[in-house]
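S.K.: Provide a 3D model corresponding to the input given below.
(one chain, ligands or ions: 1)
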Amino acid sequence: MSDTLQALVAHWVRPEIRELNAYHVQPAHGMIKLDAMENPYTWPEDLRDAWVELLRVTDVNRYPDPAARALADRLFEAMAVPHGMRMMLGNGSDELIQMVTMSLAGPSRCVLSVDPGFVMYRMIATFCGMRYVGVPLTADTFALDLPALLQAMDEHQPAVVFLAYPNNPTGNLFDAAAIEAVIRAAPGLVVVDEAYAPFTDASFMSRLGEFDNLLVMRTVSKMGLAGLRLGLLAGPAAWIEQFDKVRLPYNINALTQASATFALQHKAVFDTQTAAIRRERERLATALAAIEGVEVYPSEANFLLLRAPTGKATAWFNALRDRRVLIKCLDGGHPLLRDCLRPTVGTPDENDALIAALREVAAEV
Ligand SMILES: *Cc1c(COP(=O)(O)O)cnc(C)c1O
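M.R.: Numbering: from 1, shown residues only. Presented below is the predicted three-dimensional model:
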């Protein structure tokens, strides 16, 4: 790159963007892929055949329905959105986080969440030119530190508070009464991000309408449709109408509309898969916790947070990768995640491979 090109880029690209590292996805070819909270199960053959038939008659020469009505109707029902609430769809819930943040952005405004939490809240705040305030969770139990949250909200007056419920990357559910206290004390909006709803019985969805400032976000990614990129945001119409103005036209493409509508007509298939993942989560947690030196934290999601002995996490991660098992290494991120690893719950065979590999690694490395 010539010096002048570099200088031109440095002059025009905002410093906070130049300082960012792009969202990193690990190469996974040929690996047992337990790094990204995906549902490991594919579709039964007959379902796949019926889907391909549907795609055959889906025209892509025309723009899709801008409001994705057929899909929205299905989602209202599948996600049990309360009557009287409005909903908008995003190209993944990541896009919804972006639309909310973009709508609220301003030079003196901030986004607040908890750390360690979902990295996109911080990244998107930065994209939108907003300050990000991350309030630390309590050490070891990763609970909400309510006094610290109330103090930070009072001091920073956040336009929006994002809380993942269950939380990523820690996997736990925050105390519902503490979340309610945050909703009541927040000066602005509170978005409860329920990306892991298929793996827990807890939800704030039925409480929409009880608070003027509560919205609930869901995605179909973790239930088994990550490749379609589809999320939804539900809440009082007054908010959703505003956010819908910054949504780019046709953000949900025709193939996603057709495929997700079809998949939700067969939701029982996905419910069976996510129920199997929940059972496997318990089996995997018990087996991993029995390995010398491994601490397993309680999870209500489709992944487990593990702690390796001091200083071992990266070596263990690499040794697992050498054995073709790919998980996520969290060590080196937030201080509360020192020595931590995060495997996604896979199929019984994949989980057996992880258990066997980690037993070897813990004994040898
Ligand atoms: C995975 C995840 C999302 C992103 O979901 P997409 O719909 O795939 O964009 C949002 N929030 C949390 C907490 C997640 O873990």
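S.K.: so who does the residue nearest to L337 when sequence neighbours are not counted touch?
M.R.: The shortest distance from L337 to any non-neighbouring residue, by C-beta to C-beta, 6 or more residues apart in numbering, is to L330 (4.3 Å). (Each C-beta comes from the backbone N, C-alpha and C, glycine too.) Contact analysis of L330 by C-beta atoms under 8 Å, 6 or more residues apart in numbering lists 116, 169, 305, 313, 337, 340-342.
S.K.: how much space separates L330 from G235?
M.R.: Distance, L330 to G235, by C-beta to C-beta, to the nearest Å: 31 Å.
S.K.: any idea of the pLDDT on N21?
M.R.: pLDDT for N21: 83.
S.K.: the ligand versus I355, what's the distance?
M.R.: 24 Å (C-beta to the nearest ligand atom, to the nearest Å).
S.K.: can you count the residues close to that residue?
M.R.: 19 (other C-beta atoms under 10 Å).
S.K.: excluding chain neighbours, what is closest to Q265?
M.R.: That would be R74: by C-beta to C-beta, 6+ apart, it lies 7.1 Å from Q265.
S.K.: the one you found in helix, strand or coil?
M.R.: Using DSSP: H, G, I helix; E, B strand; the rest coil, the structure places R74 in helix.
S.K.: might you report the residue contacts of it?
M.R.: Applying C-beta under 8 Å, 6+ apart, the residues near R74 are 260-261, 264-265.
S.K.: make a PyMOL selection of the buried ones in these.
M.R.: Paste this into PyMOL to select the buried members of the contacts of R74, with burial taken from 16 or more other C-beta atoms under 10 Å:
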select buried, resi 260+261+264
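S.K.: from the contacts of R74, which single one is nearest P309?
M.R.: A260 (43.4 Å; C-beta to C-beta).
S.K.: what about that closest one, distance to A50?
M.R.: 14 Å.
S.K.: what do you get for C329?
M.R.: 40 Å.
S.K.: what about the two, which has more around it?
M.R.: Per other C-beta under 10 Å, whichever of C329 and A50 has more neighbours is C329, with 22 against 14.
S.K.: ok, the more buried one - contacts?
M.R.: Neighbours of C329 in contact, by C-beta under 8 Å, 6+ apart: 313-314, 317, 341-342.
S.K.: which of those residues fall in helices?
M.R.: 313-314, 317 (DSSP state H).
S.K.: list only buried entries from the residues you listed.
M.R.: 313, 317.
S.K.: including pLDDT and distance to V220, could the contacts of L330 go into CSV?
M.R.: Shown next, in CSV, are the contacts of L330 (pLDDT from 0 to 100; distance: C-beta to C-beta, whole Å):
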residue, pLDDT, distance to V220
P116, 97, 25
P169, 97, 20
L305, 98, 24
A313, 97, 31
L337, 97, 27
C340, 98, 27
L341, 98, 27
R342, 98, 21
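S.K.: reformat those residues as CSV; add distance to the ligand.
M.R.: Shown next, in CSV, are the contacts of L330 (distance: C-beta to the nearest ligand atom, whole Å):
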residue, distance to the ligand
P116, 11
P169, 8
L305, 13
A313, 20
L337, 15
C340, 16
L341, 17
R342, 11
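S.K.: out of those, flag the one nearest to I183.
M.R.: Of all these, I183 sits closest to P116, with 21.5 Å by C-beta to C-beta.
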